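Colleague: Quick check, what structure comes out for this input:
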Amino acid sequence: MLAEPAQSLTDLLLGLVVLALAIALFRRRVRPTHRYWEYALGWVALSALGGFVHHGFLVRWPAAATVSWTLISIAIVLGVSCLLAATVEEVLGPGHRRVFWLLRAAGLGAYIGLVITSGAGIGALVACESITFAFIIGLWARAARHRHPLGLPVLVAFVASAAAAGAKALSQDVTGFVNLDNDSIYHLAQIVGIVLLYRAVAVTRTRKPTPVPY
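Modeller: I've put the predicted structure just below:
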């Protein structure tokens, strides 16, 4: 028996969908390009599949659950790093590693600061990733203004993914109506943003990169 059936099964569904899209995107490449999109989807899939194991089995043992949640959090951080790398590559063009590391350091720096001042844990690390995600959305908003072919579609996908987090704030009246908890609804809502991201990237895979000016 699964310890937390709804959360584990929705995580499993999310993981399988994202993994399938990552494989499909890998196969669609028809010109030399970076692999950051595939890596990002791969880490998201791994974190979701890890969530299936965590919620389904390991939550019964607190020590094991702590380790599994740490590993899931690391996978999330790596996924966000790949999303940022893909964003910098697509929006600014190749050769902007300094920009990547500068933006990446913001979220990780905030977490390190919390660790030093308050002994924050893994939960704070995931929360600090919202800083990096804000930079990602900001870059794609800039790309959309400059009519980058990926700009608006990817921006819509990321906004949909960010909006999915609103599921965690739903009232019990809503969650009770669908007979799912907040986390399970969040898992399902994430699929929408991931599918939109896949469609945006897959459609433009044959186009020449068009970086935007600073």
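Colleague: which SS state does Gly95 fall under?
Modeller: Judged by DSSP: H, G, I helix; E, B strand; the rest coil, the three-state class of Gly95 is coil.
Colleague: Make 56 the starting number, not 1.
Modeller: Okay, residue one is now 56; in that scheme the one you just asked about reads as Gly150.
Colleague: quick one: low-confidence parts of this structure?
Modeller: Filtered on pLDDT under 70, the chain yields the residue ranges 84-87, 166-167, 169-171, 173-181, 260-269.
Colleague: Only the buried residues of whatever helix or strand Trp124 lives in, if you could.
Modeller: Taking DSSP states H and E as the criterion, Trp124 maps to helix 117-146. Neighbour-count burial for helix 117-146 flags 120, 123-124, 126-146 (criterion: 16 or more other C-beta atoms under 10 Å). Where C-beta positions appear, they are placed from N, C-alpha and C, glycine not excepted.
Colleague: What of stretch 145-158?
Modeller: So, applying 16+ other C-beta under 10 Å, buried residues of stretch 145-158: Glu145, Val146, Leu147, His151, Val154, Phe155, Leu158.
Colleague: hang on, isn't the first one packed against Gly206?
Modeller: No. Contact status for Glu145 versus Gly206: not in contact, 9.1 Å apart, counting by C-beta atoms under 8 Å.
Colleague: Mutual contacts of the two, please.
Modeller: Applying C-beta atoms under 8 Å, 6 or more residues apart in numbering, one finds that Glu145 and Gly206 are jointly contacted by Ala198.
Colleague: Can you tell me how far Phe213 is from Phe112?
Modeller: Separation of Phe213 from Phe112 (C-beta to C-beta, to the nearest Å): 32 Å.
Colleague: Looking at these two, which is more packed in?
Modeller: Set Phe213 next to Phe112 and count neighbours by other C-beta atoms under 10 Å: Phe213 wins out with 21 against 17.
Colleague: Can you spell out which helices and strands pack onto whatever helix or strand that one lives in?
Modeller: Assigned by DSSP H and E, Phe213 belongs to helix 206-219. The helices and strands touching helix 206-219, judged by 3 or more C-beta pairs under 8 Å, 6 or more residues apart in numbering; DSSP states H and E, are helix 177-200, helix 237-258.
Colleague: what angle sits between that helix and helix 117-146?
Modeller: Interaxial angle, helix 206-219 versus helix 117-146 (axes from the mean of the first three to the mean of the last three C-alpha atoms, to 10 degrees): 160 degrees.
Colleague: Okay, buried residues for the helix or strand just after helix 206-219 please.
Modeller: Sequence order places helix 227-233 as the next helix or strand after helix 206-219, per DSSP H and E. Residues Thr230 are the ones in helix 227-233 that count as buried (16+ other C-beta under 10 Å).
Colleague: got a list of contacts for helix 227-233?
Modeller: Asp236, Asn237, Ile240.
Colleague: 6 Å instead?
Modeller: Residues outside helix 227-233 that contact it (C-beta atoms under 6 Å, 6 or more residues apart in numbering) are Asp236, Asn237.
Colleague: Repeat that for stretch 61-75.
Modeller: Contact with stretch 61-75 is made by 57, 96, 99-100, 103-104, 106-107, 110-111, 235-236, 238-239, 242-243, 245-246, 249, as judged by C-beta under 6 Å, 6+ apart.
Colleague: Narrow these to those that are buried.
Modeller: Buried among these (16+ other C-beta under 10 Å): 96, 99-100, 103-104, 106-107, 110-111, 235-236, 238-239, 242-243, 245-246, 249.
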